[in-house]
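Novice: What follows is a predicted protein model with its sequence.
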Amino acid sequence: MKIAIFYGSTTCYTEMVAEKIQVLLQSDPQMASHGSISLHNIKTTPLTQMQDYDVLILGISTWDFGELQEDWEAHWSEISEINLNAKIIAIYGMGDQIGYSDWFVDAMGMLDEAIAGNDCQRIGFWPTEGYEFTRSKALTPDGDWFVGLALDEENQYDLTDARLLQWLEQITAELQDLS
């Protein structure tokens, strides 16, 4: 099982999380047995390279009033052309739940919607408990879950590492269940 992390990052926060994910997964004996985990900044890596992997972890941040991060936006039209059928995909998103409460991690929801036309397996849904926001495009239809891990480095930076560890344990278990 080939695993890769693809991310876009403007202020380095999404990139730092991607790097933490890579280190933590590679230190997990179960995950390390799959080989090295590749890290790809989409600013310099074509999205078509996603097709070379079995498991994808996608990192995206929300900007301003529910806008895509600039690297994702620059390649947005390519997403619909990528064959992600039979892939296993987890998403994490960065946002500001206080300053942009009406658009919290919207880009994560937009990315989830963009890949929804593929026959892929989605893992890593995350509970909304512990967050204070008004609206988000990243919610499941019941509104109880985000479509991936929601992180807020502006207001809850002290919770990021614990949330990240818990999410990685969760997706590792979900991957085992799918094997």
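Specialist: Alright, I've got the coordinates.

Novice: count of residues packed around A86?
Specialist: For A86, the count of nearby residues is 10 (other Cβ atoms under 10 Å). Where C-beta positions appear, they are placed from N, C-alpha and C, glycine not excepted.

Novice: do the same with the one 3 residues further on
Specialist: Summarising burial for I89: neighbours were counted as other Cβ under 10 Å, giving 23.

Novice: With I3 instead?
Specialist: 21.

Novice: Check whether F6 sits in a helix, strand or coil.
Specialist: Per DSSP: H, G, I helix; E, B strand; the rest coil, the local secondary structure of F6 is strand.

Novice: Enumerate every residue touching it.
Specialist: Shown in contact with F6 (Cβ atoms under 8 Å, 6 or more residues apart in numbering): 40, 42, 45, 47, 49-50, 56-59.

Novice: How about I171?
Specialist: With Cβ under 8 Å, 6+ apart, I171 has these contacts: 57, 90, 123-124.

Novice: returning to that earlier point: in the contacts of F6, which residue is surrounded by the most others?
Specialist: Top of these by neighbour count (other Cβ under 10 Å): G59, with 31 neighbours.

Novice: can you pull up the bridge partners for the closest residue to that one other than its chain neighbours?
Specialist: In this structure, G59 finds its nearest non-sequential neighbour in Y7, 3.4 Å apart by Cβ to Cβ, 6 or more residues apart in numbering. Per DSSP bridges, residues listed as beta-bridge partners of Y7: N41, G59.

Novice: looking at it, Y7 is touching N41, isn't it?
Specialist: Yes: the criterion here is Cβ atoms under 8 Å, and Y7 meets it with N41 at 6.4 Å.

Novice: so what's in contact with the two at the same time?
Specialist: E15.

Novice: which of those two has more neighbours?
Specialist: Y7 (27 against 16).

Novice: Least confident secondary structure element in this protein?
Specialist: Here the helix or strand of the chain ranked lowest by mean pLDDT, DSSP states H and E is helix 29-32, holding a mean of 76.

Novice: which helices and strands sit right next to that helix?
Specialist: With contacts taken as 3 or more Cβ pairs under 8 Å, 6 or more residues apart in numbering; DSSP states H and E, helix 29-32 sits against helix 13-27, helix 160-178.

Novice: Give me the buried positions along it.
Specialist: The neighbour-count check on helix 29-32 (16 or more other Cβ atoms under 10 Å) flags M31 as buried.

Novice: Can you give the contact residues for that helix?
Specialist: 3, 25-26, 37, 172, 175-176.

Novice: so how far is it off the chain centroid?
Specialist: Counting by Cα atoms, centre = their mean, to the nearest Å, helix 29-32 is centred 20 Å from the centre of its parent chain.
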